[in-house]
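Enquirer: sequence first, then the predicted structure, then my questions.
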Amino acid sequence: LLAVLVAAMGGLSAIAQTPPPIPSVVLERIAALNQTCRAQGGKPSDKKFIFAQDFTGDGQLDYLLSEGDYGCMNRPNAFRRDGNARIEVYATSAPGQASLAYADTLRAYRLMEGSPVVIQVAKAGAACGAGKPASEVCGGDLAWRPASGRFELVPLGSARTAAAAAPATPMAGAPRTAKV
């Protein structure tokens, strides 16, 4: 399991030669996804569904798990409902320690290069507000709020502070837009 996780993260630019220990809460979540996949008659694959980047701006690797990108052979839509899937973002507080800082069911997400890496999300239908039609799409950036230890959905482009040196651009090697 650990080898698959490290291999899944191998193409990311923020991984150092020796990655820090993967927080147990992240490993437990991966084990739960594997168990759910098997219980539905599938087999976990090595498809990349974990992204380790600095999402909080503290210089430590944080973790985004995308259930929609999870590879469950023989059950490809095990974690997708009506084109939507859950993502979870774990913020690292110390090497090997992290906590769930954001979780939601989304239509899509993308990672925007910069410091920190910004997560943009898209939702659809009722997730955009009561009474919204299924065809309506909304979204924004996830902005880190250190005081609460959580990410907050803010309008597109406003997650970066005024001190950001460069505008956000899609990350090399990462999907420009990932449907979850």
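Expert: Noted; the coordinates are in hand. Everything numeric here is computed off the predicted structure, so don't read it as measured data.
Enquirer: would you list every one of the strands in this protein?
Expert: 43-44, 50-53, 62-66, 72-73, 80-81, 84-94, 97-106, 108-113, 118-124, 137-145, 150-154, 169-170, 178-179 (DSSP state E).
Enquirer: the second one pairs with which strands, parallel or anti?
Expert: Each strand paired with strand 50-53, and its direction, by DSSP bridges: strand 62-66 (antiparallel).
Enquirer: now the partner strand against strand 150-154, angle please.
Expert: Taking axes from the mean of the first three to the mean of the last three C-alpha atoms, to 10 degrees, one finds strand 62-66 and strand 150-154 inclined to each other by 60 degrees.
Enquirer: now strand 62-66 - C-alpha only, CSV.
Expert: Provided in CSV are the C-alpha atoms of strand 62-66 (Å, rounded to 0.1, in the frame of the first residue of the first chain):
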residue,chain,number,x,y,z
ASP,A,62,-0.6,18.4,2.4
TYR,A,63,-2.7,15.7,0.8
LEU,A,64,-5.7,15.8,-1.6
LEU,A,65,-7.6,12.5,-2.0
SER,A,66,-10.0,12.3,-5.0
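Enquirer: what angle sits between it and strand 84-94?
Expert: 160 degrees.
Enquirer: name the residues of strand 62-66 that are buried.
Expert: For strand 62-66, the neighbour count (16 or more other C-beta atoms under 10 Å) marks 62, 63, 64, 65, 66 as buried. Just so you know, the C-beta spots here come from the backbone N, C-alpha and C atoms, and that holds for glycine as well.
Enquirer: so for it, mean pLDDT?
Expert: Averaged across strand 62-66, the pLDDT comes to 96.
Enquirer: need the residues that contact it.
Expert: With contact meaning C-beta atoms under 8 Å, 6 or more residues apart in numbering, strand 62-66 is reached by 22-23, 26, 29-30, 33, 49-56, 85, 87-92, 98, 101, 109, 111, 119, 178, 180.
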